[in-house]
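Give me coordinates for this.
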Amino acid sequence: MDYKIDAIKILLNEDCILSRYFPLIPYKVQIIEFAKKSNIKTKNELSEMDTINVFNDESLNNLFKRFLVMYDNEYKLRFLSKLNLDNNRLSAYKELFLLPGVKETRAELYYLSGYKNLLSIANSTSEKILEDVQKVIIDNNLSLKLPLDKEIKTHIAVANAFTL
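Residues are numbered from 1 along each chain as shown. Predicted coordinates for the structure are as follows:
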């Protein structure tokens with residue numbers, strides 16, 4: 001998924017990333033400034049650079065390179081072609097699959113709860129999403145677990161970054 005460089009302000013926080021990327025958090029302003037000085041406007045443009053030397057520390061540069069591919073979900077999107085979905089559901093799932101950790105089950109819960117695109121998630125709250133998903137599970141007698149609050153907050157933050 002490509003996104004504007006400014007979205008790094010949102011993505012580089014504890015609600016959005018795995019703890020292994022936490023060392024990058026204090027450098028998010030430096031990263032954005034580096035990109036802007038290099039006339040880079042999107043994540044893909046930054047990823048396409050032959051060498052990324054944002055930091056004077058090779059281990060941080062390598063960590064940042066891994067962070068840049070964290071939201072690339074081509075393998076998840078290929079999985080969608082194996083599902084027998086109508087066009088509306090397929091379109092919604094393609095968007096929902098861009099969220100970290102979202103696969104068929106979570107996409108189905110979000111879809112049934114009325115969250116059919118990133119904007120609907122970005123414009124909601126974790127409390128409202130949790131309430132809506134819980135209602136779907138109860139009303140449909142599904143034996144599924146509720147998403148964790150941190151998971152929902154991550155999805156909201158990432159949806160905000162991607163719809164920036």
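
And stretch 42-62, end to end?
With Cα to Cα, to the nearest Å as the measure, the ends of stretch 42-62 fall 19 Å from one another.

helices or strands up against the helix or strand of the chain with the lowest mean pLDDT?
In the chain, the helix or strand scored least confidently by mean pLDDT, DSSP states H and E is helix 74-80, which has a mean of 74. Here helix 74-80 touches helix 87-96, going by 3 or more Cβ pairs under 8 Å, 6 or more residues apart in numbering; DSSP states H and E. Every C-beta, even on glycine, is put in place using the N, C-alpha and C of the backbone.

Show me what the helix it packs on is packed against.
Looks like helix 87-96 contacts helix 74-80, helix 104-112, helix 118-122 (3+ Cβ pairs under 8 Å, 6+ apart).

thought T42 was touching K4?
Yes: assessed by Cβ atoms under 8 Å, T42 is found in contact with K4 at 6.0 Å.

Which stretches in this protein count as helices?
Ranges of helices in the chain, per DSSP state H, are 8-11, 28-37, 43-47, 58-68, 74-80, 87-96, 104-112, 118-122, 126-139, 149-162.
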